[in-house]
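[1] no sequence on this one, just coordinates:
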């Protein structure tokens, strides 16, 4: 069956009379280029007798081209080495294995360093490391000019010696007073830090460690402790799952520390005709819901009911006959779980201990092989009860000192005011912080900590797997690790590096050398894990308690965006400009709501003349706290529920441009992501979104996204579900892919690169987008430019909605629309925004066409085709006609409206001396007026070739990589040389799921896609 669903990216596209969409379809650049600024006034230009051809010759090949701003590149002064460091070879990158641990993200990574500058983060694949958008962007946070640069006391700088002297004196006062010292830190799971806190206790008496995570998983930890006797989080290997049922758990996002997408994707590839079945119950449209085979929309309070019913059906064998859509969906899910047995798993994101107990009990009853309760995870270890008690004790005068590390409770605590009042009642308050944030501006002593790329450290992300952190650059500022501070305060003269090395050598490494562990970045200890036995728990009582939770007419679901996370990287422009995978909106947070609720409240979203999105402002009130925030109408949002992202609204230590959105932590009462008793009303004013939904739209342009069902994939010929377009040749229909307008040359000699993108494995996470930014010096343009369709992302992830919930739904509706009237009515129904649309993600970059339409229209030959298959750009030749962009059917070319570096209008990393340190010296900085786009990372492919040549060997199988393929945790992007029969991409290019975008155009791209397959089989 052909993939003839009707796809749409924005509600505005469903308005057949929309002049805005028509304008954008006809003209990619909605505002005229200000040619009069550098070519003379419009009147003289119009009366000129010079032909266009002569004009282009003139500005393209004579000195007059210098008058164009497009041709003036920035001059960067270079200082040569006087004495070259022994360990640095100019032009050659070094890689260091280290670990990112910031309390919210945990990752084993490799750091690419050029001339002593870390410039890019990559996953440490030898340690099975994965990266998300935030981990990829963390390198830019190293060069944040708003970091805390030196220790401060009361807002004024103080020397480290004076700070140590005064802090030690106050710690002794606390000791003499017999009061405890509270050590408040985010999750770090560091064996060496645990020993240091013990030493602090030996020196000063009672030290109370309190672990606080801004986004809590405390309920899951509590439940696991009740069930298995240890306060940990289980791990999940979703590759083993045949059926996955998630109730409110965005496990492809940040749920329980994330990192599940790699194993999930392996189970989603229809290998040998089999793939997992994913059912999602949720309120907000999440990454997990968007990737699910079956998505059931429920209010947050109804998630509790769904979990209880699922437990009763699977464990107790009680299946109610209630006639409701929810009950029907639950009973079908239960049947599939029981059928899959040990190959099934249930996960939940409900922040309630009883709910988490029910999920554990279901998995235990299924004897699930997917959940791992032995090799548990040490992420998100915060204890809500301990945090609440600390605040009570601080205000009661029972705490002598508070030492805070890598945490910003003044910003993130829902009862922040109580915490601030408590700080005033302790004898000593210290914050070890990299950022000059809200907490650093509240405590008595703010001690500047280095970035993780400047630090030593260790952690145990997963039981038995010890990870090391090592510095990749000398500290940029007058900073000191908090571990060194603890050693100083306990009277030790050794450095933390010496302490760490001694600790590892004595307690962990055994016969393995320190240098080897440091080289690998990870060390696995055998025998660290022991079998665990589930304890007797009254699950029925837990279900009864959960059933007592009542909802309300309107409810709020708090969540984290895959870009912003918990908000600690709010000063990172890459993440601020990163389009949210679901809403496609940047630089903002907003209240998501269903169209039904929006209509009832009088909320509107509409596109203005240039395609930018505007919307209503609303006042959101929850438990007596009110916020004025923009409203965003989100298809797939459960009626009666709203969604709001945490991590925005920060004001301290941020550039003005980065101070976006409102602080939703104020509504995070009892650390619960579900809040009832919500009221919303429209207020005066209008909000301008920076939303890229309508940018570069490909809607209605043939088979952009191809989809089929697992049943059709297994039972029908591939030509039925992966239709090849046909054309007429000599009065016969032939495949369009077999016809050429040009004579093809021999591409079998040397390398020929292809990139394969599997739509089944792509979850839309966006790690590739940030990796592309870092590798290729893609500029950040800001909210105002985004609104004008001037985003510069070389790689975008299009998000498409289709009307019906199932693949066959759209097709069936079209087929059954008999006659002119019937067909018209069927199509009209499809153009109503669906309450629960089906979603598809599709990464799109330059397709590197072998018959590239951009190349034939460039008047100055700035764009040409390389023998290795890459479409190349000679920036110095480009005069900015934009003919290539107009002629590109994929809309992947970007025009530099401004000279983004050294421009006061763009106060981001390229306009900041410190921020420029992240730039990749292998990639040219583009000037105003030139076109740029994906190059398939030609600098990386050439470096691989040169490395192999230097070593006197052929390039290894699968050795070629691009930034996006390297960053892709799911393996959705596979890059390689199709002239090498052993490269994975060669087989993928010939796979029966393989297709190219717009094959009927005849561009013959070097980027190949794999048809998306959905498992729609019910039990």
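    Here it is on my side, so go on. Only a predicted model underlies this, so the values are computations on that prediction, with no experimental measurement involved. Numbers count the residues shown, from 1 in each chain.

[2] for the lengthiest helix in the chain, what is the average pLDDT?
    In the chain, taking DSSP state H as the definition, the longest helix is helix 160-177. For helix 160-177, mean pLDDT is 92.

[3] same check on stretch 270-289?
    Across stretch 270-289, the average pLDDT comes to 92.

[4] span of that stretch from start to end?
    Stretch 270-289 has an end-to-end distance of 19 Å (C-alpha to C-alpha, to the nearest Å).

[5] just the buried residues of it, please?
    270, 275-289 (16 or more other C-beta atoms under 10 Å). C-beta: built from backbone N, CA, C; applies to glycine.

[6] do the same with stretch 736-754
    Buried residues in stretch 736-754, counted by 16+ other C-beta under 10 Å: 736-737, 751-754.

[7] please apply the same query to stretch 363-376.
    Using 16+ other C-beta under 10 Å as the test for burial, stretch 363-376 gives 363-366, 368, 370-373, 376.

[8] likewise for stretch 718-736?
    718, 721-725, 736.

[9] from memory residue 988 sits against residue 1008, does it?
    Yes - taking C-beta atoms under 8 Å as the definition, residue 988 is a contact partner of residue 1008 at 6.8 Å.

[10] identify the contacts common to the two.
    Listed as contacting both residue 988 and residue 1008 by C-beta atoms under 8 Å, 6 or more residues apart in numbering are 756, 994.

[11] which of the buried residues of stretch 270-289 fall in strands?
    Judged by DSSP state E, the buried residues of stretch 270-289 include 277-282 as members of strands.

[12] and which of these is nearest residue 746?
    Ranked by distance to residue 746 (C-beta to C-beta), those are led by residue 278 at 44.7 Å.

[13] what bridges to that closest one?
    residue 244 (DSSP bridges).

[14] residue contacts, it?
    Residues in contact with residue 278 (C-beta under 8 Å, 6+ apart) are 244, 246, 268, 288, 291-294, 1015.

[15] just the pLDDT for the residue nearest to residue 735 when sequence neighbours are not counted.
    Of all residues not flanking residue 735 in the chain, residue 724 sits nearest, at 4.8 Å (C-beta to C-beta, 6 or more residues apart in numbering). The confidence metric pLDDT takes the value 86 at residue 724.

[16] and residue 724, which of the three is it?
    Using DSSP: H, G, I helix; E, B strand; the rest coil, the structure places residue 724 in coil.

[17] quick check: the gap between it and residue 658.
    Going from residue 724 to residue 658 by C-beta to C-beta, to the nearest Å gives 48 Å.

[18] again, but for residue 580
    Look at residue 580 and residue 658: by C-beta to C-beta, they are 16 Å apart.

[19] then residue 324?
    According to C-beta to C-beta, residue 324 and residue 658 sit 46 Å apart.

[20] ok, those two, which is more surrounded?
    residue 658 (21 against 10; other C-beta atoms under 10 Å).

[21] could I get the contacting residues of the more buried one?
    Residues in contact with residue 658, defined by C-beta under 8 Å, 6+ apart, are 570-573, 576, 650.

[22] run the last query once more with 7 Å
    570-571, 576 (C-beta atoms under 7 Å, 6 or more residues apart in numbering).

[23] same question, residue 793
    Residue 793 sits next to 769, 778 when contact means C-beta under 7 Å, 6+ apart.

[24] residue ranges with poor pLDDT in the chain?
    1-87, 527-529, 694-702, 804-833, 1019 (pLDDT under 70).

[25] make it 80
    Along the chain, segments meeting pLDDT under 80 span 1-91, 319-323, 526-531, 609-611, 693-703, 741-746, 803-834, 1018-1019.

[26] tally of neighbours for residue 886?
    Counted with other C-beta under 10 Å, the neighbours of residue 886 add up to 16.

[27] correct me if wrong: residue 295 contacts residue 288.
    No - in this structure residue 295 lies outside contact range of residue 288 using C-beta atoms under 7 Å: 9.0 Å.

[28] between those two, what contacts are shared?
    residue 280.

[29] which residue packs closest to residue 796, ignoring adjacent ones?
    Closest to residue 796 by C-beta to C-beta, 6+ apart is residue 844, at 5.6 Å.

[30] for the host helix or strand of residue 332, which outside residues touch it?
    Element membership of residue 332 [criterion: DSSP states H and E] is helix 325-340. With contact meaning C-beta under 7 Å, 6+ apart, helix 325-340 is reached by 242-243, 245, 277, 279, 296, 298, 302, 305-306, 309-310, 313-314, 319-320, 344, 346, 366, 1018-1019.
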